[in-house]
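Student: All I have is the shape, not the residue letters:
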């Protein structure tokens, strides 16, 4: 299946650089998802603060059943976006 998708991609892609959405190439790194508690521990805040950030739209998350999952890259992006320089 992957071989077929890769061959099909090679014929259809003019640049040959990126596979179409949904097609994983061998060796591709998958995103790591964290629970709200894991994000809270990483940021050293309460889980309620994480839920508030998610509800405010400041921290992208995916709802899985009754809980949320946050990509590790999104946590890093949130920290990078709110970084302030001391004067």
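Tutor: Received, thanks. Computed from a predicted structure; not experimentally measured. Numbers count the residues shown, from 1 in each chain.

Student: From the contact counts, what lies against the longest strand along the chain?
Tutor: Taking DSSP state E as the assignment, the strand of the chain that covers the most residues is strand 67-71. Contact here means 3 or more CB pairs under 8 Å, 6 or more residues apart in numbering; DSSP states H and E; on that basis strand 67-71 packs against strand 33-35, helix 36-43, helix 47-55, strand 62-64. From N, CA and C alone the C-beta is placed, and that goes for glycine too.

Student: Pairing partners for that strand, with directions?
Tutor: strand 33-35 (antiparallel), strand 62-64 (antiparallel) (DSSP bridges).

Student: Could you tell me which residues within that strand count as buried?
Tutor: 68-71 (16 or more other CB atoms under 10 Å).

Student: low-scoring stretches of the chain, by residue?
Tutor: Counting by pLDDT under 70, the chain shows low-confidence ranges at 1-27.

Student: Try it again at 90.
Tutor: The model of the chain has pLDDT under 90 over residues 1-31, 82-87.

Student: so the closest residue in space to residue 71 that isn't next to it in sequence, which of the three states?
Tutor: Leaving aside its chain neighbours, residue 71 sits nearest to residue 31 (4.8 Å; criterion: CB to CB, 6 or more residues apart in numbering). Under DSSP: H, G, I helix; E, B strand; the rest coil, residue 31 falls in the coil class.

Student: Residue 31: neighbour count?
Tutor: The number of residues packed around residue 31, counting by other CB atoms under 10 Å, is 9.

Student: which residues touch it?
Tutor: With contacts taken as CB atoms under 8 Å, 6 or more residues apart in numbering, residue 31 has the following neighbours: 71-73.

Student: ditto for residue 73
Tutor: For residue 73, the residues meeting the contact criterion (CB under 8 Å, 6+ apart) are residue 31.

Student: Can you list the buried residues in the strand or helix carrying it?
Tutor: Applying DSSP states H and E as the criterion places residue 73 in helix 72-81. Within helix 72-81, the residues that count as buried by 16+ other CB under 10 Å are 74-75, 78.

Student: Export these as CSV, with columns for distance to residue 41.
Tutor: Listed next are the buried residues of helix 72-81 as CSV, based on distance: CB to CB, whole Å:
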residue, distance to residue 41
74, 16
75, 11
78, 15
